[in-house]
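**Student:** Sharing a model prediction with you, sequence too.
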Amino acid sequence: ETGVTQTPRHLVMGMTNKKSLKCEQHLGHNAMYWYKQSAKKPLELMFVYSLEERVENNSVPSRFSPECPNSSHLFLHLHTLQPEDSALYLCASSQDARGDQETQYFGPGTRLLVL
Amino acid sequence: AQKITQTQPGMFVQEKEAVTLDCTYDTSDQSYGLFWYKQPSSGEMIFLIYQGSYDEQNATEGRYSLNFQKARKSANLVISASQLGDSAMYFCAMREGRDMRFGAGTRLTVKP
């Protein structure tokens, strides 16, 4: 595997379900990110992790719970979601969390549909 | 406040011609980075090109070049010799330290 991978690629869940999104980066990076991309809205940064420590949480509802067990893996735990949470969830990584020149590399995303 | 503006929701270009996708940004920082990403229908955001605010030369990567005009705060992407596979959404982004902001995107369609 190379780059950034995400599983599952597609997910349909009910509002009472609990599910998790997984992201893995094979680039040796120290920072990982979760983004939400809704239709007709710019990409929204949700969480930033640097060396497994959460360094940013952009007012995301508590029904989204991130976990970063090591610098290569990032999870997004989902519970009691709402239909408006349906979106493409993108994971990204970069060498460092700070620095204007740090390029973020993205995974293919998980398309989530909440019924 | 919106920091990245892409004024072209959709653009069409004939195959083999060049196309310019516009991007303007707003910042009071002197140090920042500008990025362009391509997003095909599959969803993955593919990094294309980077320009640092202190770089005096415009960035180039193969058929991609970035027309950086710092005083105007614009960072337009130029794609030369368009190919059918270039049809996708294109996003401009700006990074200031840890903060990364994306524009709303431009949908490019390359016509045969």
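**Tutor:** Okay, I see it. Owing to the predicted nature of the structure, the values given are computational and were not obtained by experimental measurement.
**Student:** Report the buried residues of stretch A:15-29.
**Tutor:** Buried residues in stretch A:15-29, counted by 16 or more other CB atoms under 10 Å in any protein chain shown: A:K19, A:L21, A:K22, A:C23, A:E24, A:Q25, A:H29. Every C-beta, even on glycine, is put in place using the N, C-alpha and C of the backbone.
**Student:** Is it correct that A:L45 is in contact with A:M32?
**Tutor:** No - with contact defined as CB atoms under 8 Å, A:L45 does not reach A:M32; the gap is 11.8 Å.
**Student:** quick one: low-confidence ranges for chain B?
**Tutor:** Along chain B, the parts satisfying pLDDT under 70 run over B:1-2.
**Student:** Quick one: the strands in chain A, in order.
**Tutor:** Ranges of strands within chain A are A:4-7, A:10-13, A:18-25, A:31-37, A:44-50, A:53-57, A:64-70, A:73-79, A:87-94, A:105-106, A:110-114, based on DSSP state E.
**Student:** quick revisit: tell me which of A:L45 and A:M32 has more neighbours.
**Tutor:** Applying other CB atoms under 10 Å in any protein chain shown to A:L45 and A:M32 shows that A:M32 carries more neighbours, namely 28 against 21.
**Student:** who's the more buried one bridged to?
**Tutor:** Going by DSSP bridges, A:M32 is paired in beta bridges with A:Y49, A:S93.
**Student:** now A:T5
**Tutor:** A:T5 has the following beta-bridge partners by DSSP bridges: A:E24.
**Student:** surely it meets A:G107?
**Tutor:** Yes - counting by CB under 8 Å, A:T5 does reach A:G107; the two are 5.9 Å apart.
**Student:** Need the overlap of contacts for those two.
**Tutor:** Residues within reach of A:T5 and of A:G107 at once, by CB atoms under 8 Å, 6 or more residues apart in numbering or on different chains, are A:C23, A:Q25.
**Student:** Comparing those two, which residue is more hemmed in?
**Tutor:** In this view A:T5 and A:G107 are compared by other CB under 10 Å, and A:G107 has more residues nearby, 26 against 15.
**Student:** Would you mind measuring from the more buried one to A:L21?
**Tutor:** As judged by CB to CB, to the nearest Å, A:G107 and A:L21 stand 10 Å apart.
**Student:** Next up, the contacts around the residue most central in space within chain A.
**Tutor:** Centre of chain A computed as the mean C-alpha position; nearest residue by CA atoms, centre = their mean is A:W34, 2.8 Å away. Applying CB under 8 Å, 6+ apart to A:W34 gives the contacts A:C23, A:L45, A:M46, A:F47, A:P66, A:L74, A:L76, A:Y89, A:L90, A:C91.
**Student:** First-to-last residue distance for stretch B:12-29?
**Tutor:** One end of stretch B:12-29 sits 34 Å from the other (CA to CA, to the nearest Å).
**Student:** With stretch B:48-65 instead?
**Tutor:** 9 Å.
**Student:** Then stretch A:67-82?
**Tutor:** For stretch A:67-82, the end-to-end distance is 21 Å (CA to CA).
**Student:** same thing with stretch A:10-28?
**Tutor:** Using CA to CA, the end-to-end distance of stretch A:10-28 comes to 26 Å.
**Student:** Contacts for it, please.
**Tutor:** Residues contacting stretch A:10-28 (CB under 8 Å, 6+ apart): A:1-8, A:32, A:34, A:72-83, A:89, A:91, A:93, A:95, A:105, A:107, A:110-115.
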